[in-house]
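K.L.:
generate coordinates for the sequence data below:
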Amino acid sequence: MKETDSRECRNCHDINSMSQKLQSPKAWAMHQLGKKWGNTCIDCHQGIAHTLPKGFKKEASMDALHDRMEKEKIDCRSCHKGMAGPPKGDGWN
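P.N.:
Residues are numbered from 1 along each chain as shown. Below is the predicted model of the structure:
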C-alpha cells in the first residue's frame, strides 16, 4: 500500500476531502501533519484494515513519530490533553 500511496484508502478517504467538523481536534491535527510531511495513510494507520505483519514494532513507530514531533517543536498537548507542557529552558519555549 505504501508503493501505491494508499490508493485503496484514498478511494474513500482522500485527505483533501476530509471535513474538520467530522474529526476530533487530535485527528484533524494529525491529518494536517501527515499532509505536511507527505505521509500516506499506511504510515500511520497500519493494522487498521488488515493485521500487522509479524514482528512489527508499534512502539518503534510511535517513538519515530514522537521524535519527529519533538524535532519540529510540535506541542505534546496537541495530542495529550491535560499535560502541563514542556519544561522551561529545554529549547521549546
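
K.L.:
check what pLDDT the spatially most central residue of the chain gets.
P.N.:
Residue closest to the average C-alpha location in the chain (Cα atoms, centre = their mean): M30, at 4.5 Å. Per-residue confidence at M30 stands at 88 (pLDDT).

K.L.:
let's number from 609 now, not from 1
P.N.:
Sounds good: first residue 609 from here, last item M638.

K.L.:
now the helix or strand hosting it, how far from the centre of its chain.
P.N.:
Assigned by DSSP states H and E, M638 belongs to helix 633-645. Using Cα atoms, centre = their mean, to the nearest Å, the distance from the centre of helix 633-645 to the centre of the chain it belongs to is 6 Å.

K.L.:
and for stretch 640-651?
P.N.:
Distance of stretch 640-651 from the chain centroid (Cα atoms, centre = their mean) equals 7 Å.

K.L.:
likewise stretch 665-684?
P.N.:
9 Å.

K.L.:
and it, average pLDDT?
P.N.:
The pLDDT scores in stretch 665-684 average 80.

K.L.:
mind saving the C-alpha coords of that stretch as PDB?
P.N.:
What follows is stretch 665-684, C-alpha atoms only, in PDB (Å, rounded to 0.1, in the frame of the first residue of the first chain):
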ATOM      1  CA  LYS A 665       7.200  -2.900  16.400                       C
ATOM      2  CA  LYS A 666       4.400  -0.500  17.100                       C
ATOM      3  CA  GLU A 667       6.500   1.100  19.900                       C
ATOM      4  CA  ALA A 668       9.300   1.900  17.400                       C
ATOM      5  CA  SER A 669       6.800   3.500  15.100                       C
ATOM      6  CA  MET A 670       5.400   5.700  17.900                       C
ATOM      7  CA  ASP A 671       8.900   6.600  19.000                       C
ATOM      8  CA  ALA A 672       9.700   7.800  15.500                       C
ATOM      9  CA  LEU A 673       6.500   9.900  15.500                       C
ATOM     10  CA  HIS A 674       7.300  11.500  18.900                       C
ATOM     11  CA  ASP A 675      10.900  12.200  17.800                       C
ATOM     12  CA  ARG A 676       9.800  14.000  14.700                       C
ATOM     13  CA  MET A 677       7.200  16.000  16.600                       C
ATOM     14  CA  GLU A 678       9.800  17.000  19.100                       C
ATOM     15  CA  LYS A 679      12.300  17.900  16.400                       C
ATOM     16  CA  GLU A 680       9.600  20.200  14.800                       C
ATOM     17  CA  LYS A 681       8.700  21.500  18.300                       C
ATOM     18  CA  ILE A 682       5.000  20.400  18.000                       C
ATOM     19  CA  ASP A 683       3.400  20.800  21.400                       C
ATOM     20  CA  CYS A 684       2.700  17.500  23.100                       C
END
